[in-house]
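Asks: predicted model and sequence follow; I will ask about them next.
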Amino acid sequence: MGLELLEGSTAIARSAIAAGCGFFAGYPMSPFTGLLESMSRELPAAGGVCLNAESEIEGVNMTLGAAAAGARAATGSCGQGIALMQEAIAEAALNETPFVVFNMARNQQDYFQATRGGGWGDYRTITLAPKDVPEAVEHTQLLFHLADKHRAPVMLYGDPLLAQTRVGVSIEPRDFGSLPPKDWVLDGTGGGTGHSRQVWTWAMGKATDPGPGPDRHWRSIAAKFDAIAAAEARHEQAYVEGAETVVVSFGSAAKFVEHVVDELRAEGHRIGWFRPVTLWPFPGAALTAATRGARQVLVFELNAGQMLDDVRIHAADRDAVRFIGGVSISESGLAYGELMDAPVIRTRILEGVA
Amino acid sequence: MTTIDTSRPPEGPAKLAADFKPNLLLGEHSLCPGCGEPVALRLLLEVLQELDIVQRTIGVVGHGCYGSFVRIMDVDVLQCLHGRAPSCATGIKRVRPDVAVFTMQGDGDMANEGLQEVLHAAARGEKITCVLLNNGVFGDTGGQLTATTVLGQRTKTSLSGRDADEHGYPIPVADLVAGLRGAAYVARGGVGTAGGVAQTKRILRRAFETQLSGAGFGLVEILTMCPTGWFVPAGEGPDYLGESMEKVYPLGELISP
């Protein structure tokens, strides 16, 4: 299939449909709105259901219901809307209901919200942060796979650049390997058999067939997230071998950083870059290895320093870590400010190296 | 007609109604003596069985004393977040339109935490059946004021009785829902009397029949006794229900197809 010029939101919607997404519910909020509109336009034609939910809380709980009934399901929002969804995201992590949350954030200020969560209990949210639209198309399909693989809600961390940039992309179903059977799904056929099914955070089971109960169940959930942390961390890096300086950034900002680092390499600087592809699990071991010989580890992100915490935890020498990012928002509040610009990033990196 | 042989003594003691257990009931409930919720559960399970939809039904259960029923009802169940059952039920029904989907929620769950969920689901005409077990009090947490607590009712957070000036007025959920175009069947029953139990079962049956016919959204509000939360002796629950809640929330069908 050839390339098609698509806005990011439409490309992500089509990729979700190609992945078999059969249910989508969301509440308009910029820059997530475009994805909701695309799904509303395209999902019913593909045989799925798209609901313009009356609130984010209702949207995410509809999605949880559809997922519990066995559909590949997704919702999305940003900022305050994701905050409203956190209770249900935590619940889904604890009752093991898989779905995808498209967090089309307004900027990079929601790193903590995505990676630490605001729900309750011992849970984590697998979060992928693509750097551009083609990668978002791939991540969309990977997320549905990871959700089903681990029976957990997962998140795409996008932004206005991913949502609104028009890029030539190719949307095709991708195969990420086999998945466990969905034998836990509620389909209504269990009634009266003595083995009816439950999706229940407390996992107490039936009187005639007791479940593990909250203590054992929540320990098993915690162990599952430990295993995910060990297995699913992804990153990209370049020129870190022998680099004096390693610049760490994520999402769209990383695309700018890669460009600037390429320029500086051409000018003779011993500099490399490191990009967490998964924000959780954070690729900590890889970052430790990548920064082992570095004199400076520069963190560039468009917030007051959130991923900075994870970099400090994992850098080979935490005293080498310096923050060169910052809050930078447009006048509208809906787009990045002047810091998201290659010449500005170049200046910040050179100041950090000095 | 069966002829009873009175020439010899019966083989066993007379049976009580409680001895006839619906097949979908897996064990004993753990709620307080005099509670009305197990009666409502029994009626619901009997209706599922009589309509022969046992193996194509999914229940969505909220948070309250009745939440413990998920352990004893032999039906596929999603235990959802407080107040969110109508939204979860919507997601289930939209991807499994051939399955009968019901919610089980208390007044704290439906009228307090999740009022907008049930109103929106009704307005959308979702083909689900929402069951409200209304006892006018937070039973699970020990008897506090809910949005359906009737005026004058004493609770742990309205010690002198619900006062309109201070606590506002109770919300008649069934009446609210009945005013929405998407609602196809709305009725209120009560399990405080034998007649009320029989009427409630008919109501539940009609609600599920409405869902199966595809007519639209159904709500069944069932007034249930909570002597523990009302601070009255267990045996006085039914009379108290009749004298207080049933005066404010009249029984019967509000709308039907």
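Replies: That came in fine, so what should we check first?
Asks: any weak-confidence spans in chain A?
Replies: Within chain A, the segments meeting pLDDT under 70 span A:1.
Asks: quick one: the helices in it, in order.
Replies: Ranges of helices in chain A, per DSSP state H, are A:8-18, A:33-42, A:56-68, A:79-95, A:111-116, A:133-150, A:160-164, A:213-231, A:251-266, A:284-290, A:307-314, A:342-353.
Asks: deepest-packed of those helices, please.
Replies: Mean neighbours per residue, mean count of other Cβ atoms under 10 Å in any protein chain shown, is largest over the helices of chain A for helix A:56-68, with a mean of 31. (C-beta placed from N, C-alpha, C; glycine too.)
Asks: that one and chain B in contact?
Replies: Yes: Helix A:56-68 reaches chain B (Cβ under 8 Å from any Cβ of the partner chain) through A:57-59, A:61-68.
Asks: of those, just say which sits nearest to residue B:173.
Replies: Distance to residue B:173 across the residues of helix A:56-68 next to chain B (Cβ to Cβ) is lowest for residue A:58, with 17.4 Å.
Asks: isn't that closest one up against residue B:85?
Replies: No: applying Cβ atoms under 8 Å, one finds residue A:58 not in contact with residue B:85, separated by 11.2 Å.
Asks: where do the contact lists of the two overlap?
Replies: Listed contacts common to residue A:58 and residue B:85 are residue B:117; contacts here mean Cβ atoms under 8 Å, 6 or more residues apart in numbering or on different chains.
Asks: if you count neighbours, what's buried in stretch B:199-216?
Replies: Across stretch B:199-216, burial judged by 16 or more other Cβ atoms under 10 Å in any protein chain shown covers B:199-201, B:203-211, B:215-216.
Asks: which ones among the residues you listed lie within strands?
Replies: Among the buried residues of stretch B:199-216, DSSP state E puts none in strands.
Asks: ok, and of the residues you listed, which contact chain A?
Replies: Filtered for proximity to chain A (Cβ under 8 Å from any Cβ), those leave an empty set.
Asks: separation between residue A:298 and residue A:269?
Replies: Applying Cβ to Cβ, to the nearest Å, the value for residue A:298 to residue A:269 is 12 Å.
Asks: comparing these two, which residue is more hemmed in?
Replies: residue A:298 (25 against 17; other Cβ atoms under 10 Å in any protein chain shown).
Asks: for residue B:241, which of the helices of chain A is the nearest?
Replies: Closest of those to residue B:241 is helix A:56-68, at 31.6 Å (criterion: Cβ to Cβ).
Asks: now that closest one, how far from the centre of its chain.
Replies: Computed by Cα atoms, centre = their mean, to the nearest Å, the separation of helix A:56-68 from the middle of its chain amounts to 18 Å.
Asks: what do you get for stretch A:9-28?
Replies: Counting by Cα atoms, centre = their mean, stretch A:9-28 is centred 15 Å from the centre of its parent chain.
Asks: quick revisit: adding distance to residue A:237 as columns, could you present the helices of chain A in a markdown table?
Replies: Below are the helices of chain A laid out as a markdown table (distance: least, Cβ to Cβ, whole Å):
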| stretch | distance to residue A:237 |
| --- | --- |
| helix A:8-18 | 25 |
| helix A:33-42 | 30 |
| helix A:56-68 | 34 |
| helix A:79-95 | 28 |
| helix A:111-116 | 19 |
| helix A:133-150 | 15 |
| helix A:160-164 | 21 |
| helix A:213-231 | 19 |
| helix A:251-266 | 10 |
| helix A:284-290 | 5 |
| helix A:307-314 | 13 |
| helix A:342-353 | 16 |
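Asks: contacts only, for residue B:236.
Replies: residue B:227.
Asks: tell me the SS of it?
Replies: helix (DSSP: H, G, I helix; E, B strand; the rest coil).
Asks: interface residues of chain B facing chain A?
Replies: Near chain A, when you scan chain B using Cβ under 8 Å from any Cβ, you find B:23-24, B:26-28, B:48-49, B:54-58, B:60, B:70-81, B:84, B:87-92, B:94-96, B:99-100, B:116-117, B:120.
Asks: now those: which count as buried?
Replies: Neighbour counting by 16+ other Cβ under 10 Å classes B:24, B:26, B:48, B:54-58, B:60, B:70-81, B:84, B:87-92, B:94-96, B:99-100, B:117, B:120 among these as buried.
Asks: any idea which residue of the stretch 101-250 of chain A lies closest to chain B?
Replies: residue A:207 (3.3 Å; Cβ to the nearest Cβ).
Asks: surely that residue meets residue B:70?
Replies: No: the criterion here is Cβ under 8 Å, and residue A:207 misses it with residue B:70 at 10.0 Å.
Asks: can I get the CA coordinates of stretch A:118-137 in CSV?
Replies: Backbone C-alpha positions of stretch A:118-137 (Å, rounded to 0.1, in the frame of the first residue of the first chain) are rendered in CSV as follows:
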residue,chain,number,x,y,z
GLY,A,118,-3.9,9.5,39.7
GLY,A,119,-6.0,6.5,40.5
TRP,A,120,-5.7,4.2,43.4
GLY,A,121,-3.9,1.0,44.3
ASP,A,122,-0.7,-0.6,43.1
TYR,A,123,-1.0,-0.2,39.3
ARG,A,124,1.0,1.2,36.4
THR,A,125,0.0,2.3,33.0
ILE,A,126,2.1,1.2,30.0
THR,A,127,2.6,4.4,28.1
LEU,A,128,4.1,4.8,24.6
ALA,A,129,5.3,8.2,23.4
PRO,A,130,5.7,8.4,19.7
LYS,A,131,7.9,11.1,18.2
ASP,A,132,5.9,11.5,15.0
VAL,A,133,2.8,10.4,13.1
PRO,A,134,4.2,7.3,11.4
GLU,A,135,5.4,6.1,14.8
ALA,A,136,2.1,6.9,16.3
VAL,A,137,0.4,4.7,13.7
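Asks: name the residues of that stretch that are buried.
Replies: Residues A:119, A:123-137 are the ones in stretch A:118-137 that count as buried (16+ other Cβ under 10 Å).
Asks: and chain A, what are its domain boundaries?
Replies: A:4-169, A:235-353 (automatic domain parsing).
Asks: can I get those domains in a markdown table including distance to residue B:112?
Replies: Output for those, formatted as a markdown table (distance: least, Cβ to Cβ, whole Å):
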| stretch | distance to residue B:112 |
| --- | --- |
| domain A:4-169 | 14 |
| domain A:235-353 | 34 |
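Asks: and residue A:229, what is it in contact with?
Replies: Taking Cβ under 8 Å, 6+ apart as the criterion, residue A:229 is in contact with A:124, A:280-281.
Asks: in CSV: the residues you listed, plus distance to residue A:345.
Replies: Formatted as CSV, the contacts of residue A:229 follow (distance: Cβ to Cβ, whole Å):
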residue, distance to residue A:345
A:124, 30
A:280, 25
A:281, 27
